[in-house]
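Trainee: Need the 3D shape of this:
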Amino acid sequence: MATPPPETPNLFFRVAGRALARYIEFCRRTCWQTREMTELMEEHYRHTPAIIGMWHGQFMLLPLIKPSFIPVDIMVARHSDAEFLSVALRHFDMRLIRGAGAAGRAKDRGGSHAYRAAVQALREGRTVAMTADIPGGKPREAGLGIVMIAKQSQRPIMPVAIATSRYIALNTWSRMTINLPYTGLGFAVGPMVHVPADAGPEELERCRKAVEDSLNLATRNAYLRAGADPLRATPGTADVKPGFRLKLYRAGTRLLAPAVPLLLKARERRQKEDPARRGERLGQAAFPRPAGRLVWVHAASVGETLAVLPLMEALAKARPDASFLLTTGTVTSAKIAKERLPANTIHQYVPLDAPQFVRPFLDHWKPDLAVFTESEIWPNLIIESSARSIPLTLVNGRMTDRSFRRWRGNKGLARPLFSRFALILAQNEMLVRRFTLLGAPRVIASGNLKVDTPPPPIDLNEYARLKHALTGRPVFIAASTHEGEEEIVADAHHLMAREVPDLCTIIAPRHPHRGNTIAQMLRERGFAVGQRSRGQAPEKSCQAYVADTIGELGMFYKLANVAFIGGSLVEHGGQNPIEAVRQGVMVMTGPHYSNFADAYRVLIQQQAAQKVHSAEEIAAAALRVLKDPKEQAAVARRANDALGTIAGALPRTLDALLAYLPPQEELARAP
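Mentor: Numbers count the residues shown, from 1 in each chain. You can find the predicted model right below:
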């Protein structure tokens with residue numbers, strides 16, 4: 001039931017259509033790897049009649065996959081620009097179905113007629129080809145139309161993609177791609193999608209998402225097989241030329257690179273660098289590249305590292321053929337990585353962001369996928385990775401108000417960087433809008449990985465020793481504190497000690513190297529102080545215990561009754577409350593908690609956390625729990641229930657990343 005031929009197109013469209021048909025034939029004759037494409041397609045002929053889905057703007061060479069013995073109808077829009085396409089497609093014996101979805105517009109574009117015609121064609125044994133995304137809608141977002149046709153006809157959806165190593169990408173909403181002759185050709189078929197006849201709204205949405213993911217995977221693999229960079233053909237990446245400030249940054253880092261050894265030496269004296277591994281910061285690899293697929297994950301510091309380790313374990317389980325490279329930038333995160341790295345994983349310090357250091361790093365490791373975390377935007381790393389056609393992703397993406405204002409005021413810096421990410425998984429919808437405004441082509445709200453992170457393991461022997469030392473004493477912990485907060489905590493302790501004289505306050509600074517300074521401040525205020533880094537235990541006379549070590553915060557939470565989470569009384573944006581909640585501790589935060597706004601929002605709404613502004617408010621909130629153990633248990637239950645409402649980021653992130661990791665049967669990058 002294809003649309004009958006319309007009235008004869010005018011002379012211009014007839015000439016243009018015939019020229020396009022001849023050009024497609026010319027590409028067939030001059031491109032190589034067409035045989036591989038034919039062989040791959042032959043494996044799928046048994047599924048016909050099927051619905052061949054593709055992205056808008058990527059369909060120019062579609063006629064090349066049609067064999068003479070399979071009838072194909074193709075859905076073409078009714079607007080005048082499609083007339084010359086109609087002429088070209090008829091040359092390849094492809095019947096037309098005229099009409100397209102409205103993409104939310106009131107104007108009738110023939111979508112209802114096209115839907116009925118497509119279903120009828122499939123029932124008659126004809127394959128139907130159509131774009132999954134709708135002109136006027138969001139590019140690279142599958143619509144429900146293709147899914148509804150599959151449901152009604154009970155025929156499978158076959159996502160396909162064709163790419164050439166050389167192409168021209170027009171600056172249109174879908175980045176319409178003109179494939180060029182005398183070039184390599186890549187073809188890929190994504191996982192088939194079957195839509196149940198009784199599918200309800202939730203199942204239809206699942207199938208729609210499956211079509212989207214499968215098409216993205218097929219597109220990625222087609223460009224990989226063609227040896228092409230897919231970035232220029234990705235919607236939203238038209239304006240990727242570096243602006244003046246980005247050029248200045250790249251030139252500046254290149255010129256300053258000779259001074260880096262002096263900088264590193266100064267940082268080594270302050271114990272912020274590992275002198276034994278200085279070469280890694282200069283891009284020198286300490287290990288050979290493992291064979292096969294390699295996923296590179298970059299995390300800034302301890303919190304990000306702890307959040308991505310479960311993700312890496314899940315990726316390794318889903319793809320046992322892959323190896324992993326974890327890079328971090330701090331000594332503390334390197335120590336955590338050494339203790340908790342999963343199998344098949346190598347840790348390196350990330351190279352400093354200068355071209356001289358980034359290039360040898362990437363040339364050695366040749367990752368198949370790059371996964372950055374949260375707000376790690378390093379211009380040279382991003383640009384050099386993109387230049388090597390390494391798919392760039394950002395997981396657990398976040399951005400403070402201040403950072404957003406800065407990025408938005410520097411579009412010549414922001415757009416060329418964010419547009420190079422194939423996928424950004426943001427923590428919430430507000431962040432989706434921010435990343436999109438900065439030029440990211442594909443952004444999805446996936447939630448916060450830290451909510452799904454299990455409590456880190458603790459040293460049970462050490463825990464038992466400290467628990468014995470604190471027997472019978474209530475414990476208050478101020479965790480991840482920043483400069484200016486410890487004095488407020490000290491004042492709060494004095495207020496609480498009036499009613500709970502045997503109280504022990506643990507202060508665990510965000511930066512453990514500040515431990516001596518904090519201990520000295522407390523002594524000057526009359527405290528009896530113990531210090532973890534000196535091997536001291538919290539004796540009975542100890543009023544304040546400085547926990548200035550790495551990787552033990554979970555143990556101290558488990559010892560405590562109530563916690564204040566730092567970085568929130570000063571304008572830092574707050575620190576992660578989730579680990580404290582998982583250990584059954586009631587949490588407090590200052591007013592500045594934008595870094596973990598979603599978690600604090602649900603905790604405060606469920607009366608499972610409290611916002612405080614002063615030493616007096618800290619003391620009052622803590623005393624309610626310290627005096628009533630039943631209240632602590634009730635708060636802990638409410639807190640875990642609250643976090644359960646925003647969990648699920650880990651499986652969502654895993655599914656999204658797997659679509660960007662090339663399949664096992666492809667040839668991996670050579671070591």
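Trainee: Select the longest helix from this protein.
Mentor: helix 201-226 (DSSP state H).
Trainee: Tell me which other helices or strands that helix touches.
Mentor: strand 51-54, helix 144-153, strand 157-164, strand 185-189 (3 or more CB pairs under 8 Å, 6 or more residues apart in numbering; DSSP states H and E). (Glycine included, C-beta is placed from N, CA and C.)
Trainee: Now with 6 Å, please.
Mentor: When contacts are defined as 3 or more CB pairs under 6 Å, 6 or more residues apart in numbering; DSSP states H and E, helix 201-226 sits against helix 144-153, strand 157-164, strand 185-189.
Trainee: Out of those, which is the most enclosed?
Mentor: Ranked by mean neighbour count under mean count of other CB atoms under 10 Å, the helices and strands packed on helix 201-226 are led by strand 157-164, which reaches a mean of 27.
Trainee: and the angle from that strand to strand 185-189?
Mentor: Interaxial angle, strand 157-164 versus strand 185-189 (axes from the mean of the first three to the mean of the last three CA atoms, to 10 degrees): 170 degrees.
Trainee: Skip ahead from strand 157-164 and say which helix or strand is next.
Mentor: On the C-terminal side of strand 157-164, the closest following helix or strand by DSSP states H and E is strand 167-169.
Trainee: Each with direction, which strands does that next one pair with?
Mentor: Partners of strand 167-169 in the sheet, by DSSP bridges, are strand 177-179 (antiparallel).
Trainee: and the partner strand, how far from the chain's centre?
Mentor: 29 Å (CA atoms, centre = their mean, to the nearest Å).
Trainee: again with stretch 159-179
Mentor: Worked out by CA atoms, centre = their mean, stretch 159-179 lies 25 Å from the chain centre.
Trainee: again with stretch 208-219
Mentor: 17 Å.
Trainee: returning to that earlier point: mind checking the pLDDT average for the longest helix of the chain?
Mentor: Across helix 201-226, pLDDT averages out at 90.
Trainee: what do you get for stretch 361-370?
Mentor: In this model, stretch 361-370 has an average pLDDT of 95.
Trainee: Would you mind pulling the contact partners of it?
Mentor: Contacts to stretch 361-370, defined as CB atoms under 6 Å, 6 or more residues apart in numbering, come from residues 283, 285, 289, 293-296, 325, 351, 384-385, 388, 390-392, 660-662, 669.
Trainee: among these, which ones are buried?
Mentor: Among these, the ones that count as buried by 16 or more other CB atoms under 10 Å are 283, 285, 289, 293-296, 325, 351, 384-385, 390-392, 660-662, 669.
Trainee: Now, those residues that are in strands?
Mentor: Using DSSP state E, the members of the buried ones among the contacts of stretch 361-370 that fall within strands are 294, 295, 296, 325, 392.
Trainee: what about the helices in the stretch 1-150 of the chain?
Mentor: For the stretch 1-150 of the chain, helices defined by DSSP state H, counting those that start in this stretch occupy the ranges 11-30, 34-42, 83-91, 111-123, 144-153.
Trainee: Off-centre distance for the longest one?
Mentor: Looking back up the chat, that one is helix 11-30. 41 Å.
Trainee: Identify the residues contacting residue 455.
Mentor: By CB under 6 Å, 6+ apart, residue 455 lies in contact with 554, 582, 583.
Trainee: same thing but 7 Å
Mentor: Counting by CB atoms under 7 Å, 6 or more residues apart in numbering, residue 455 touches 554, 579, 582, 583.
Trainee: and what of residue 326?
Mentor: 297, 299, 312, 337, 341, 345, 347.
Trainee: Repeat that for residue 563.
Mentor: By CB under 7 Å, 6+ apart, the contact set of residue 563 is 477, 479, 557, 580, 585, 587, 588.
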